[in-house]
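A.B. asks: sharing a model that was predicted from the sequence below.
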Amino acid sequence: MAAGADLSGGLEPVAVAMGSRGEAPPAFQYSPDSVAGADGDIDPTEITFPGCSCLTSSCVAPICSCLCRGAHYQGLCLRTAAAEEEYSRPVFECNTMCQCGESCQNRVVQRGLQLRLEVFKTEKKGWGLRTLEFIAQGRFVCEYAGEVLGFNEARRRIQAQTPKDPNYIIAVREHLHSGRVMETFVDPTYVGNVGRFLNHSCEPNLVMVPVRVDSMVPKLALFAATDISAGEELSYDYSGRFHNLPRTKREQTSAEEENRLRKPCYCGSHTCASFLPWDSSLFSTPEAAAGSSL
């Protein structure tokens, strides 16, 4: 693929540039949105949410049923007190069934990529993603889209990997008010979008927020955690936290066996934890996994 070519093949509202001449990432099927995985248990495109009945061009809180928990966005930016704070309030955008117009301010993530981004080859981390323009704090950058898998298929794929294989699978766990934990596993290895090229950093400039539009299956949306300059590499914390903090001495002792399976981190930050985050539950036996889900 030639430098400057659109990696998305015209599937994104804004072209995804290629910045490395003579090289191209391994082939994959580009999809701007997540799709049902090989196990077919979860269909992220299914519409199950009722729409709001707002007849105005843009919904307001708390009148709009989609905004009963308060407004999520201010302009194109996520409302948050500080970049260091994780955004814990559930985010629901207006959806296909809503009566409001496409210009509604509660429609951000669903509009897809709006920024000029470039895939490039890094020195130690393989392929990476950088921005070609300034990004203000709170701005939606891109989704982490891929196959939405069930737990068993996610674990099967993880356990089939060799130490040299890149791991794209991300596990997101949300603690609901009922006490139930909702798990979402997304794998962009074979089908995915530009988000698959994001590298981990222990001091990231992006934060991942689950955003729901048409159903309870969330879009894994990445927002700018701080102002980001043009040319800067984009990164997030693979653990789902805002910072992948180093383990305590006790945790380090109990994790010696885990470290044998973990991959080194090359983010170069001052607080680098030395290893990439990983999800030990995906390496567990079926019996242990069943016990941990109770």
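C.D. replies: Yep, it's here. What you see is a predicted model, and the numbers here were worked out from it, not measured in a lab. Residues are numbered from 1 along each chain as shown.
A.B. asks: wait, what's in contact with residue 50?
C.D. replies: Contact analysis of residue 50 by CB atoms under 8 Å, 6 or more residues apart in numbering lists 65, 97. Every C-beta, even on glycine, is put in place using the N, C-alpha and C of the backbone.
A.B. asks: need phi/psi at it.
C.D. replies: phi -70, psi 150 (degrees, to the nearest 10).
A.B. asks: what strand or helix carries the spatially closest residue to residue 183 that is not a sequence neighbour?
C.D. replies: Leaving aside its chain neighbours, residue 183 sits nearest to residue 173 (5.4 Å; criterion: CB to CB, 6 or more residues apart in numbering). Take DSSP states H and E as the rule and residue 173 turns out to sit in strand 170-175.
A.B. asks: can you check what angle separates the next helix-or-strand element following that strand from strand 170-175?
C.D. replies: Sequence-wise, the next helix or strand downstream of strand 170-175 (DSSP H and E) is strand 181-192. On the basis of axes from the mean of the first three to the mean of the last three CA atoms, to 10 degrees, strand 181-192 is oriented at 160 degrees to strand 170-175.
A.B. asks: what strands flank strand 181-192, and is each parallel or antiparallel?
C.D. replies: Take DSSP bridges as the rule and strand 181-192 pairs in its sheet with strand 29-30 (parallel), strand 146-149 (antiparallel), strand 170-175 (antiparallel).
A.B. asks: which of these has the highest mean neighbour count?
C.D. replies: For the strands paired with strand 181-192, the largest average neighbour count (mean count of other CB atoms under 10 Å) is found in strand 146-149, namely a mean of 26.
A.B. asks: what comes into contact with it?
C.D. replies: The contact list for strand 146-149, computed with CB under 8 Å, 6+ apart, reads 31, 34-39, 41-44, 157, 168-169, 184-193, 195-196, 217.
A.B. asks: now the angle between strand 181-192 and the top helix by length along the chain, please.
C.D. replies: Longest helix in the chain by number of residues, with DSSP state H as the criterion: helix 151-160. Orientation note: helix 151-160 sits at an angle of 60 degrees relative to strand 181-192 (the same axes, to 10 degrees).
A.B. asks: so which elements touch helix 151-160?
C.D. replies: Helices and strands touching helix 151-160, by 3 or more CB pairs under 8 Å, 6 or more residues apart in numbering; DSSP states H and E, are strand 181-192, helix 286-292.
A.B. asks: how about residue 235: what's its closest non-neighbour residue?
C.D. replies: residue 201 (3.6 Å).
A.B. asks: isn't that neighbour up against residue 269?
C.D. replies: Yes: in terms of CB atoms under 8 Å, residue 201 counts as a neighbour of residue 269; the distance is 5.9 Å.
A.B. asks: need the overlap of contacts for these two.
C.D. replies: Taking CB under 8 Å, 6+ apart as the contact rule, residue 201 and residue 269 have no neighbour in common.
A.B. asks: the two: which is more packed in?
C.D. replies: Ranked by neighbour count (other CB atoms under 10 Å), residue 201 and residue 269 place residue 201 first, with 24 against 14.
A.B. asks: show me the strands in the stretch 1-150 of the chain, by range?
C.D. replies: According to DSSP state E, counting those that start in this stretch, the stretch 1-150 of the chain carries its strands in the segments 16-18, 29-30, 35-36, 73-74, 77-78, 91-92, 117-121, 127-131, 140-143, 146-149.
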